[in-house]
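Student: Fold the following, please.
(one chain, ligands or ions: 1)
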Amino acid sequence: MKVAEIFHSMDYGNSPEATDMAMAWLAKHQEGRLFIAGKWQKAKGKTSIKTLNPATGEVLADIAKANEADVDAAVKAARKAFGKWSSLSGHIRARYLYALARHLQKHARLFAVLESLDNGKPIRESRDIDIPLVIRHFYYHAGWAQLSEQELSDYRPLGVCGQIIPWNFPLLMMAWKIAPALAMGNTVVLKPAEYSPLTALLFAQVCEEVALPAGVVNIITGDGETGEALVRHPDVDKLAFTGSTEVGKRIRELSAGSGKGLGLELGGKSPFIVFEDADLDSVVEGVVDAIWLNQGEVCCAGSRLLAQEGIAARLLAKLKSRMAKLRLGSPLDKSIDLGAIIAPIQRDKIAALVAQGIEEGASCYQPELRLPTQGQFYPPTLLYNVSPAAKVAQEEIFGPVLTMMSFRTPAEAVELANNSRYGLAASLWTDNINLALDIAAKLKVGVVWVNSTNMFDGSSGFGGYRESGFGREGGLEGLYDYLKPKWYQDPKTSLETQPQVTQPQATQPQVEALVENLSDPSIDRTAKLYIGGKQSRPDSGYSRAVLDPQGRLISHVPEGSRKDLRNAVEAAHKAHSWTSISGHQRAQVLYYLAENLEVRAPEWQKRLSLLTGQSAETSALEVELSLKRIFSYAAYADKFEGTIHQPPLRGAVLAIPEALGVMGIICPDERPLLSMFSLLLPAIALGNRIILIPSERYPLMATDLYQVLDTSDVPAGVINIVTGPSASLAKTLAEHLDVEALWSFRPELVSMVEKASVGNLKQVWAPLSLPNWADDKAASGRDYLRKASQIKNIWIPYGE
Ligand code: NAI
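Tutor: Sure, this is the predicted structure:
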């Protein structure tokens, strides 16, 4: 070919990456061993799984399928290693993490080639994106290990972490799981995906090279059954999963009530929003990165292109011409854009969804590319004229398929973007910084990229809202998922050994005197529910008796039901302005509430003693502490601030804590006034709207609030109170698809609420042991605020 011809076609030849080193490594690792307790062990399971090269269909290796006994051996090894590893100094753990990073760097090319062979992703990506990010993740977390004693001294590690990862970014997902876990002093059993286990095995070899203590990292290969055995293992303290929403939901159900920590990073259908002032050439390159990185097999792929009407046609034309220039081919060719799809089943799923999209009315554009005859490939695909309700606009396709829709106004863009059960990420493009930040705040997603896309770094948390899961990986926010506060009791403490609230009891004459108070007309004996700022009768028409410790009737409270909860949830949704006003405004409202309650302190004291039988002094202390909690959270309302992360980038990543939304709170019976305020206040201070189920035994502590709420400035619908049977009300709230989070502080309900919450994967905080409510450190402060919020990371690169 002549130079002039090359200039004309701008074509370039093949540039294949050598595979001899990777093949030599593979030849030595054909036996399919597991890495347990620092040794390569033959699996007890007799079956094996073949891992194939997606680009050719050739068998790369025979991989062991770990069975229950293997999982047990790995968990035991991790448990054994935990004591020593967690008691090493942060500095020593940091040295190991640095060593891992350096050794990863040393073998970078081998890792990259092996990753592309096993997963089918272009070598350009594994070499220039995946592996550098992996190395950076270990360096970054080595730093946190070093600083853990200074910066995180109130926390301790969780223990043994069971980690299950998918096939789309095998080594990167492994790094996201292992690095923070180890840095914080946990030990790990990790199961890579059955389609792409090779780089995890190579990583095990690196663990050997750096002489990581035996059992700190255990790598077991296998499929979903192996994963499930790990999930079920009773001696695992924390589960971290990345993969499909379907399996994430199953893990939520399987682990319910076990006390295991849980982090889920699931699917997405992320919007890519283009406003009409955006630079369209940059947008087109952004789209290429958003949806064709890794063949679109990316949980946060910008798979829904939302274009403002004025530029939609122009953008469509530009996109089509850019798509025609994309190169698809052997993943080991350094000059291709798209590699192979992981497996035939995935390719078929993509093809079926595209066919359905066309059937539902979408127009389809695919450039004329010659697909390789071997392996499984799928061309870059654009579906336009897609209706927002179409399956292809709602379902995660997990392939190189972009759906395009248009919008008229910014408000419509937000509405379309949020019209998804997912909430992982969003990318938005505009030259107007005011518009960008306004929209970023309104999107219900965990990560927003402004004029950029698919940016990741160890320093910045990644994770979703809604059915995209919960928990964060990366950044300081990600570390808390591998820690528990020092005050927290081991969740495996059985319920019988829960610390009982011991309080001096009131003497008989004191109780008599209190009962006399019943004739006091100031005591409201006909409590109602409190919904949308109004007292209302229960739909059921039933009431339940509230008795004193001697069994005498004090009052009746309504028996709340599903219907009442539905009304309460609706009222809470209407009160959305509480979430958007400033922390300062919320603080003012809460100070005023505290002052109003303070005036009534003597009444509260009497009431507490009457109901619980506790002494006047104990009640006085409980009221005093309750008021202190309210004042503290009023103060916190504008002081629980975000951070600016510092990834290696010219720009800023704003990590902003946002309210979870509409929350249910199920209160315990212990210290009924204090525990209620300890839970309610952090939640509302950060802008959540609440459906509160007060103590089942002492509900009057909540119904007595109504008058105060009526005369305070708390807007209608921010606090809704439904009395009645905790278990059935908790279940209804856990199942309710419009409730975004649930705190259940009744240990007997943990299993039920965690299981029932699976429908919309709401965030549940349901500890198996309760704090000492009188202890400020254990029952108030930042841990509660953290649980009442979720971090949104907004990436803002800058410069012309
Ligand atoms: P998957 O969710 O089934 O697999 C992910 C990991 O979970 C693998 O290691 C697998 O062995 C393990 N696993 C499977 N069943 C399990 C169980 N019952 N208990 C414990 N572990 C289990 O994902 P799969 O089948 O590979 O892909 C199916 C679909 O999931 C894809 O088409 C895609 O839409 C989505 N997906 C999403 C990912 C994401 O990052 N959001 C990653 C991979 C897949």
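Student: wait, what's in contact with the residue of the stretch 301-450 of the chain found nearest the ligand?
Tutor: Closest to the ligand within the stretch 301-450 of the chain is Phe398: 3.5 Å, counting by CB to the nearest ligand atom. Where C-beta positions appear, they are placed from N, C-alpha and C, glycine not excepted. Taking CB atoms under 8 Å, 6 or more residues apart in numbering as the criterion, Phe398 is in contact with 168, 267, 296-297, 301, 346, 349-350.
Student: which SS state does it fall under?
Tutor: In terms of secondary structure, Phe398 is coil; the call rests on DSSP: H, G, I helix; E, B strand; the rest coil.
Student: so Val589 makes contact with Asp713?
Tutor: Yes: assessed by CB atoms under 8 Å, Val589 is found in contact with Asp713 at 4.6 Å.
Student: still on that earlier bit, can you tell me how far the residue of the stretch 301-450 of the chain closest to the ligand is from Ala317?
Tutor: Using CB to CB, to the nearest Å, one gets 27 Å for the distance from Phe398 to Ala317.
Student: Which residue, other than its chain neighbours, is closest to the residue of the stretch 651-800 of the chain found nearest the ligand?
Tutor: Among the residues of the stretch 651-800 of the chain, Leu761 lies closest to the ligand, at 12.8 Å counting by CB to the nearest ligand atom. Excluding the flanking residues, the one nearest Leu761 by CB to CB, 6 or more residues apart in numbering is Glu467, at 5.0 Å.
Student: Can you say which helix or strand has the residue of the stretch 651-800 of the chain closest to the ligand in it?
Tutor: When elements are assigned from DSSP states H and E, Leu761 belongs to no helix and no strand.
Student: residues touching it, list them.
Tutor: By CB under 8 Å, 6+ apart, the contact list for Leu761 reads 245, 248-249, 252, 264, 266, 466-467, 469-470.
Student: Looking at the residues you listed, which one is closest to Ser757?
Tutor: Distance to Ser757, by CB to CB, is smallest for Arg252 among the contacts of Leu761, at 7.2 Å.
Student: Apart from its neighbours in sequence, what residue is nearest that closest one?
Tutor: Leaving aside its sequence neighbours, Arg252 sits nearest to Val758 (CB to CB, 6+ apart; 4.9 Å).
Student: ditto for Ser678
Tutor: Once flanking residues are discounted, Ser678 sits nearest to Ala779: 4.9 Å by CB to CB, 6+ apart.
Student: Verify the stated contact: that neighbour with Phe677.
Tutor: No: contact status for Ala779 versus Phe677: not in contact, 9.9 Å apart, counting by CB under 8 Å.
Student: higher neighbour count, the two?
Tutor: Neighbours were counted for Ala779 and for Phe677 using other CB atoms under 10 Å; Phe677 has more, 28 against 22.
Student: Hmm, the more buried one is touching Ser626, no?
Tutor: Yes: taking CB under 8 Å as the contact criterion, Phe677 and Ser626 are neighbours in contact, 4.6 Å apart.
Student: residue in this protein nearest to the ligand?
Tutor: Evaluated by CB to the nearest ligand atom, the chain has Gly227 as its residue closest to the ligand, separated by 2.2 Å.
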